[in-house]
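Peer 1: Let's see this in three dimensions:
(2 chains)
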Amino acid sequence: MIRYLLRRLLWSAATLAGMSVVAFLLVALAPGDPILAELRFLGVPAKPDTIAALREQFDLDAPLPERYLRWAARLVTMNLGNSIASGRPVSSELVQALPPTLILAVVSLALIVLLSSVTGVLASLYPRGALARLLRGLTVASVSVPLYWLALAAVFLGSVTFGIGSFVDPSSFGGLALAATLLSFGPGMSVSRIVQQRIDAERVEDYVRLAAATGQSPARILFEDIGRVVAPSLITIWANSFGYLLGGAVVIERIFDRPGLGNLALQAVAARDYPVLQAYLMLAGLLFVCANWAADALSAWVDPRLRRRGIHA
Amino acid sequence: VPDKPQRRIQRRRAFLQSGALSLGAAALLSCSRSTDSRGASVLRVGAGADRYNTSPGRFTFTSSRPNVHVAEPPVRPDDAFHAQPWLFERWSYEGRGNYVAHLRPGVLFHDGTALTSDVFISSAKRFIAARDFIALDPDSLRRVDAGTVAFRSNSGSASMIKNMTHPAASLFLANGQEESMPVGTGPYKLVRYEPRRLLEVERFDRYWGPTPPSQRVSIRFLADPQARLMALRAGEIDLISDVVPELFQGLAPDERSVVVRKSRPMRYVALLCNRRGSPPFDTLSDIRVRRALALAIDRDAIASVMYGGHAVPARGVLPGWMFGLGDESPRGFDTDRRKAASLLDDAGWRLGEGGIRSKQGRALQLRLVSAFPNASAVKPMPEMLEQMFRAIGAKVEIVEVEDDQLYYTGYADGGQGDMFLEMGGNAVADPTFLLYNTYHSKTPWPAYRFSAPGADVDDLLDAARQQSDDQAIISIVREAHRRIIDEHVSSIPILMVPVFLLTRPDIVLQPFENLDWVDFGAARRKA
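Peer 2: Numbering: from 1, shown residues only, chains lettered A, B, ... in the order given. The predicted model follows:
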């Protein structure tokens, strides 16, 4: 198992190296000049030599390959430089922004697992009738309604109409619960369809019929026999939804005034804050890779066949 | 005695019940905390995204919007935007860009340090001289006596004191702590800052000026405008700044929980004409076409639709009340489509098929780039203009850009359009500030070189910057403004727009003209 996990770790490192090139180029080749953006925001003109000095300070005057190598070297030593827009060290910006996003993402991930499991199992057990129609309707609605609109509507009902807690206070339990529910609703309902399909596919297998013939209870067959078979693939899907959560956090954090990575990234885009944007992309990639690595480890622990396949592949 | 399975069930039930109780308690605590803050005597402000910068040279922490008056500039603008004494009690211009200023006695920084000439010099070197546009020569700062300083403009400008009304000239104590806890002389001292989330200031009891009414001001950075409005409606904050036009669409005419507060109309919305573009963006090099477009606009119709009807038709890019410029000059443009059509006929643009004019086989098609600061700020003005220009035979291609960086680098800086829709204003008490930076041929912003009128306006603006007499400066600015609009039609003025705040009905605000100068600390609840 350790060899399998080490192999996955090596792949993750290679993925991150590739991502660093993409993150750097995506930001560096986007139109806009961060120095002029900042000066224009201040509404005051600057002399050409002041602009040139600022460009040099932020390494914007060198050719692209040289800039990438310097940036990558600093990245390895965790020297992420200073934000152009705020002047504060990028590392401190990320350290401040990471906890609110992680809390939101982890709570949302737990809700996705819960929501998709419960609704998936219910949809499989009761494929016809009002419940099935309701679940199908909810699934369609979850992917059709834009998250931004849904969040505004929920805040309006929750905070303005019914006054359930503070949504502008990030420490508010009600705000976190509402934000996590909204963020997990779409992926939770989408994954529930996959859960249902996987369970339906397994229920016609011989081992399930054999278990039923030997008198095992339906619940035991579902949770012990079928659950063990479908769990590895579902763990991978749940881990992949972590990437969606990081993206969705951009919208949710903006509406709920959560000072997380999403808010940080949005402001960095507006200000063309290269150091923050590049660091954000790398951190988001790292989180995604870590989530996948953890999912691989969990899947391998649940299903030993995967370890053997991974080793002999 | 319950048996083993029953005990297990009871344990599980107790576990679930305690979990549910904990969740309920947490939710109640969360609600009660917000209720407490509503009842407290704290003024709560919802501002846009946190854009404070703590870098030396670009230091705007607490002094740019939302300006919480932790620090104060040497001079402040009065109702007509003339520089008035503030930390400078008085000053004199000695000629050739030299000044002598007397500091106000009895002014203390929040840590108790007195404002003396030595403290002023070290602070001005670090904060004021770092801003190019103020043009303070740091090496010229000299102590005359304990309360008097002398200094010089590095461009020989006689208007430097006026530029010191800008919040960027705010005076912080140069103590090495300014990046985390800046210390100023203002009515409020900073007590708490969480980047991108929250900033809190508290009344400074030893302030030299009038005591502000609020004990504490709490500013929440709410980047999304709709979220700001909902926080206001929910009573979580008392007032919001950075009011964008889309918020007016969400306000009902009989709205009771939200009140619109506005300044006098002071920000212009205008089309900057590309006079020096390369084909195909060279059509507006002909003044007759520019003038025809200016005459085609029904400003009253746009004013009634835009900004909740609070904007007014504009004659120029500076409001008449500012600096006492008056409303007589420039004259601006009334709607006269017959005359507009006649001007286009004279310019050789003949009506063709589909009502679109053409000249030598080239259709009269113009690209309108919308907008600075962003397309949302002026929506739906481009569509209204398109209809009005269509009425005189000009076809308009609208390019909407939400991102100001893309606006400049993709279009304006390269002259990649015929007209550029912009919203802006004169943010300081220097009457030459806007015209010099936007219409002088040597403007530092590349985009405005395409609309600069030329040598006559350059000469006027240069001359204004050398004058020390206020009336002479204003007279020259008035003439430059007239030439830019009436004579050269370098810009086509459309609307004058107030600065807006939205508040709860029980909040009383002092009048304000510029978002940077909104005195949040002076806001109070009605008795």
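Peer 1: What about the residue in the stretch 51-200 of chain A positioned nearest to chain B, how many residues nearby?
Peer 2: As assessed by Cβ to the nearest Cβ, chain B sits closest to A:Gly87 within the stretch 51-200 of chain A, at 3.2 Å. (Each C-beta comes from the backbone N, C-alpha and C, glycine too.) A:Gly87 is flanked by 19 other residues according to other Cβ atoms under 10 Å in any protein chain shown.
Peer 1: Tell me which residues touch it, please.
Peer 2: Counting by Cβ atoms under 8 Å, 6 or more residues apart in numbering or on different chains, A:Gly87 touches B:53-56, B:58-59, B:179.
Peer 1: State the distance from it to B:Pro195.
Peer 2: In this view, A:Gly87 and B:Pro195 are 11 Å apart by Cβ to Cβ, to the nearest Å.
Peer 1: So B:Met496 belongs to a helix, correct?
Peer 2: No. Using DSSP: H, G, I helix; E, B strand; the rest coil, the assignment for B:Met496 is strand, not a helix.
Peer 1: can you give me the helices in the stretch 51-200 of chain B?
Peer 2: Using DSSP state H, counting those that start in this stretch, the helices of the stretch 51-200 of chain B run over B:117-123, B:160-163.
Peer 1: can you list the weak-confidence ranges in chain B?
Peer 2: Scanning chain B for pLDDT under 70 picks out B:1-40, B:511, B:513-519, B:521, B:527.
Peer 1: Test my guess that A:Leu36 contacts B:Asp404.
Peer 2: No. In this structure A:Leu36 lies outside contact range of B:Asp404 using Cβ atoms under 8 Å: 9.8 Å.
Peer 1: can you tell me which residues contact the nearest residue to A:Arg220 once chain neighbours are set aside?
Peer 2: Nearest residue to A:Arg220, sequence neighbours excluded (Cβ to Cβ, 6 or more residues apart in numbering or on different chains): A:Ala211, at 7.9 Å. Residues in contact with A:Ala211 (Cβ under 8 Å, 6+ apart) are A:220-221, A:225.
Peer 1: From the residues you listed, list just the buried residues.
Peer 2: Buried members of those, scored by 16 or more other Cβ atoms under 10 Å in any protein chain shown, are A:221, A:225.
Peer 1: just the contacts of A:Ala211 now: which is nearest chain B?
Peer 2: Using Cβ to the nearest Cβ, the contacts of A:Ala211 come closest to chain B at A:Arg220, 16.8 Å.
Peer 1: Not counting stretch A:185-204 itself, show me its contacts.
Peer 2: With Cβ under 8 Å, 6+ apart, stretch A:185-204 has contacts from A:111-112, A:114-121, A:123-124, A:127, A:135, A:138-139, A:142-143, A:147, A:150, A:208, A:222, A:226, A:229-230, A:233-234, A:237-238, A:241, A:244-245, A:248.
Peer 1: List only buried entries from the residues you listed.
Peer 2: Applying 16+ other Cβ under 10 Å to these flags A:111-112, A:115-117, A:119-121, A:123-124, A:135, A:139, A:142, A:147, A:150, A:208, A:222, A:226, A:229-230, A:234, A:237-238, A:241, A:244-245, A:248 as buried.
Peer 1: which of the contacts of A:Gly87 sit farthest apart?
Peer 2: B:Arg58 and B:Glu179 (11.8 Å; Cβ to Cβ).
Peer 1: okay, those two: which has more neighbours?
Peer 2: B:Arg58 (25 against 14).
Peer 1: That one and A:Glu38 touch, don't they?
Peer 2: Yes. If you go by Cβ under 8 Å, B:Arg58 and A:Glu38 touch, sitting 6.5 Å apart.
Peer 1: The helix ranked longest in chain A close to chain B?
Peer 2: Longest among the helix segments of chain A by residue count, using DSSP state H, is helix A:90-125. Yes. Interface with chain B: helix A:90-125 contributes A:93, A:96-97 (Cβ under 8 Å from any Cβ of the partner chain).
Peer 1: Can you report how many residues lie near the closest residue to chain B within the stretch 201-313 of chain A?
Peer 2: Residue nearest to chain B within the stretch 201-313 of chain A: A:Pro259 (4.0 Å; Cβ to the nearest Cβ). Neighbours of A:Pro259 under the rule other Cβ under 10 Å: 21.
Peer 1: which SS class is it?
Peer 2: A:Pro259 - assigned by three-state DSSP - is coil.
Peer 1: now do B:Ile492
Peer 2: Per three-state DSSP, B:Ile492 ends up strand.
Peer 1: Which element, helix or strand, includes the residue lying closest to A:Val21 once chain neighbours are set aside?
Peer 2: Nearest residue to A:Val21, sequence neighbours excluded (Cβ to Cβ, 6+ apart): A:Tyr68, at 7.2 Å. Assigned by DSSP states H and E, A:Tyr68 falls within helix A:64-76.
Peer 1: now the helices of the stretch 51-200 of chain B in TSV, with mean neighbour count and distance to chain A?
Peer 2: Below are these laid out as TSV (neighbours: other Cβ atoms under 10 Å in any protein chain shown; distance: least, Cβ to the nearest Cβ, whole Å):
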stretch	mean neighbour count	distance to chain A
helix B:117-123	19	18
helix B:160-163	25	9
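Peer 1: now for those helices, which one comes closest to B:His110?
Peer 2: Short answer: helix B:117-123, nearest of the helices of the stretch 51-200 of chain B by Cβ to Cβ, at 13.0 Å.
Peer 1: contacting residues around that closest one?
Peer 2: Here helix B:117-123 has contacts from B:103, B:109, B:113, B:141-149, B:171-174, using Cβ under 8 Å, 6+ apart.
Peer 1: and those, which are buried?
Peer 2: The buried subset of the contacts of helix B:117-123 (16+ other Cβ under 10 Å) comprises B:103, B:109, B:141, B:147-149, B:171-174.
Peer 1: correct me, but B:Phe204 touches B:His110?
Peer 2: Yes. B:Phe204 lies in contact with B:His110 (Cβ under 8 Å); the separation is 5.6 Å.
Peer 1: Name the residues contacting each of the two.
Peer 2: Counting by Cβ under 8 Å, 6+ apart, the residues touching both B:Phe204 and B:His110 are B:Lys189.
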